[in-house]
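A.B. asks: please work out how this folds:
(one chain, ligands or ions: 2)
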Amino acid sequence: MTRRIVIDDALPLATEMFSHLGDIILLPGRAIYAQAVADADALVVRSRTQVNEALLANSRVKFVGSSVVGLDHVDQAWLAQQGIHFYSAQGCNANSVSEYIITLLVEQACLRQQDFHQLTVGVVGVGHVGQKVVAKAQALGFNLLLNDPPRQDQGDACPAGDWQALDDLLHQADIITLHTPLTGEGAHPSANLIHAKRLAKLRADQVLINAARGGIVDEQAWCQSAMTTKLIDCWQDEPNINANLFNQATMATPHIAGHSYEAKLAGGLWAYQQLCQFWQEPEQHHWQQSCPSTPAPLQFNSELTHWPAILLDLLHQAYNPHHDHQRLRAKTIEQVRQQFETQRRDYPIRREWTQHRIAKFAQKEWNQALQSLGFQLY
Ligand SMILES: NC(=O)C1=CN([C@@H]2O[C@H](COP(=O)(O)OP(=O)(O)OC[C@H]3O[C@@H](n4cnc5c(N)ncnc54)[C@H](O)[C@@H]3O)[C@@H](O)[C@H]2O)C=CC1
Ligand SMILES: O=C(O)C(=O)[C@H](O)COP(=O)(O)O
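C.D. replies: Ligands and ions are numbered 1, 2, ... in the order given. Sure thing, here's the model as predicted:
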């Protein structure tokens with residue numbers, strides 16, 4: 001009998017990659033219901049499908065691959081109990097999120113007319129994403145304060161200075177960026193981590209970025225807080241996002257920080273490789289012919305003289321999060337809620353910095369910084 005694989009239709013090149021393994025059924029993540037998977041053998045999802053007993057109890061699925069990182073949509077305990085193999089592409093989109101965050105950090109430096117070394121960035125959660133943010137921010141010269149109690153408890157060395165208590169970090173950092181999973185249990189739950197009392201202490205000139213998960217920040221309290229710059233990619237109760245917070249947000253994007261083409265491709269590819277192993281089928285590579293070509297080199301704007309402004313211009317040529325913000329901002333809140341998922345599924349191809357080329361500058365330190373960010377210099 002031919003095998004059937006149900007796949008979230010936002011995975012790039014899913015047909016090209018998976019079709020030699022069986023019949024492919026592509027569906028929007030939110031439309032993957034129990035009926036759709038009843039006669040499937042494998043399921044490959046992103047974050048929009050709730051993978052649990054309700055979905056799979058009456059199906060013959062024996063392999064679930066998640067091509068994203070967050071695990072809050074998967075009932076792993078139930079899958080294990082049922083003997084259903086589960087794989088999650090941990091780390092696949094870390095670079096993508098780090099590029100989104102670094103662009104926002106560079107933008108803040110430009111807006112404040114400060115050099116990078118004059119700003120302190122607090123990173124909460126130093127896993128795959130957080131470490132990439134730290135490495136790139138360090139290469140640019142930002143000061144860093146890091147908080148990750150689970151890693152600290154394990155005795156991991158802090159990648160920049162000493163581990164910080166969360167409240168000290170919140171007090172000292174100019175810009176705070178969150179990179180924890182959303183968890184309600186364990187020694188260090190992150191649900192409501194940035195709660196009303198903490199938000200009330202934040203000052204008007206501090207900046208908070210949430211590109212981790214809605215639910216880590218108390219959104220009602222965030223609306224009441226003094227801070228004027230709120231940069232938000234992840235929201236509670238997506239797509240029915242908080243209208244007040246949306247209207248206040250300096251940057252409001254529809255949960256796309258991890259949506260670079262390379263990240264989405266890697267997530268799907270890693271799940272594909274696991275499924276090949278699971279079914280003991282050899283991998284095929286013909287899908288590579290369908291990958292997009294290398295983008296045209298980025299251009300130096302010779303009217304700019306100040307390094308942060310030059311860098312920001314290059315970053316914006318590669319990817320400007322304001323374009324995502326504008327696409328959402330142009331609508332009423334009802335339309336925003338309707339458009340939230342559509343805009344994510346129809347997301348334009350966004351290439352990572354590693355795919356972009358830039359002509360070398362005379363300034364060696366600029367070249368070094370650009371290389372540390374991943375750009376190719378010629
Ligand atoms: N906006 C987007 O498109 C994306 C969002 N994400 C979100 O970012 C989260 C992090 O992603 P990764 O870095 O790949 O995960 P990861 O699992 O590699 O790292 C998470 C880190 O957070 C730390 N952590 C856990 N609880 C904490 C707490 N209470 N306080 C401080 N640190 C804590 C962990 O010890 C770990 O080092 C994901 O779980 C997901 O929710 C991930 C990718 C894309
Ligand atoms: O990996 C995660 O976790 C994310 O948040 C993904 O970027 C979400 O991607 P989608 O499933 O929403 O396309």
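A.B. asks: tell me which stretches of the stretch 1-150 of the chain form strands.
C.D. replies: 4-8, 23-27, 42-45, 63-66, 85-88, 120-124, 143-147 (DSSP state E, counting those that start in this stretch).
A.B. asks: for the third one, list the C-alpha coordinates in PDB.
C.D. replies: In other words, strand 42-45. Extracted in PDB, the C-alpha atoms of strand 42-45 (Å, rounded to 0.1, in the frame of the first residue of the first chain):
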ATOM      1  CA  ALA A  42       3.400  10.200   8.700                       C
ATOM      2  CA  LEU A  43       2.700  13.800   9.700                       C
ATOM      3  CA  VAL A  44       5.000  16.800   9.200                       C
ATOM      4  CA  VAL A  45       3.900  20.000  10.900                       C
END
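A.B. asks: residues touching it, excluding its own?
C.D. replies: Under the criterion C-beta atoms under 8 Å, 6 or more residues apart in numbering, residues 3-8, 11, 14, 18, 21-22, 29, 32, 37, 49, 51, 56, 61-68, 73, 268, 271-272, 275, 278 lie in contact with strand 42-45. No exception for glycine: its C-beta is placed from N, CA and C like everyone else's.
A.B. asks: pull up the pairing partners for it, direction included.
C.D. replies: strand 4-8 (parallel), strand 63-66 (parallel) (DSSP bridges).
A.B. asks: for ligand 1, what's its nearest residue on the protein.
C.D. replies: Proximity of the chain to ligand 1 (C-beta to the nearest ligand atom) peaks at G127, 1.7 Å away.
A.B. asks: what about the closest residue to that residue other than its chain neighbours, distance to A94?
C.D. replies: Closest residue to G127 apart from its sequence neighbours, by C-beta to C-beta, 6 or more residues apart in numbering: H179 at 6.6 Å. For H179, the distance to A94 equals 9 Å [C-beta to C-beta, to the nearest Å].
A.B. asks: identify the contacts common to those two.
C.D. replies: Common neighbours of H179 and A94 (C-beta under 8 Å, 6+ apart) are G127, V129.
A.B. asks: so can I have TSV of the strands paired with strand 42-45 showing distance to L140 and mean pLDDT?
C.D. replies: Listed next are the strands paired with strand 42-45 as TSV, based on distance: least, C-beta to C-beta, whole Å; pLDDT from 0 to 100:
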stretch	distance to L140	mean pLDDT
strand 4-8	35	98
strand 63-66	32	98
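A.B. asks: nearest to ligand 2, out of those?
C.D. replies: It's strand 4-8; of the strands paired with strand 42-45, that one is closest to ligand 2 (C-beta to the nearest ligand atom) at 7.2 Å.
A.B. asks: who's in contact with the closest one?
C.D. replies: 14, 18, 21-29, 32, 36-37, 39-46, 48-49, 61, 67, 275.
A.B. asks: narrow these to just the buried residues.
C.D. replies: By neighbour count, with 16 or more other C-beta atoms under 10 Å, these hold 14, 18, 21-22, 24-25, 27-29, 32, 36-37, 40-46, 48-49, 61, 67, 275 as buried.
A.B. asks: of the residues you listed, which belong to helices?
C.D. replies: Of the positions in the buried ones among the contacts of strand 4-8, A14, F18, A36, V37, L275 sit in helices, assigned by DSSP state H.
A.B. asks: W366: which of the residues you listed is nearest?
C.D. replies: A14 (39.4 Å; C-beta to C-beta).
A.B. asks: contact partners for the closest one?
C.D. replies: A14 makes contact with I7, D8, I24, L26, V44, G268, according to C-beta under 8 Å, 6+ apart.
A.B. asks: follow-up on the earlier one: now the ones in helices among the buried ones among the contacts of strand 4-8 in TSV, with pLDDT and distance to G215?
C.D. replies: Formatted as TSV, these follow (pLDDT from 0 to 100; distance: C-beta to C-beta, whole Å):
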residue	pLDDT	distance to G215
A14	97	29
F18	98	32
A36	96	27
V37	98	27
L275	98	31
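A.B. asks: separation between the residue nearest the centre of the chain and ligand 2?
C.D. replies: Central residue of the chain (C-alpha atoms, centre = their mean): G258, 3.0 Å from the mean position. G258 sits 3 Å away from ligand 2 when distances are taken as C-beta to the nearest ligand atom, to the nearest Å.
A.B. asks: was I right to think that residue contacts V97?
C.D. replies: Yes. Between G258 and V97 a contact is recorded at 5.0 Å, counting by C-beta atoms under 8 Å.
A.B. asks: what about the stretch 51-200 of the chain, any weak spots by pLDDT?
C.D. replies: Nowhere does the stretch 51-200 of the chain drop to pLDDT under 70.
A.B. asks: which positions in it make contact with ligand 1?
C.D. replies: Selection of the stretch 51-200 of the chain residues close to ligand 1 by C-beta under 6 Å from any ligand atom yields 69-70, 91, 93-94, 97, 124-130, 147-151, 179-182, 188, 190, 193.
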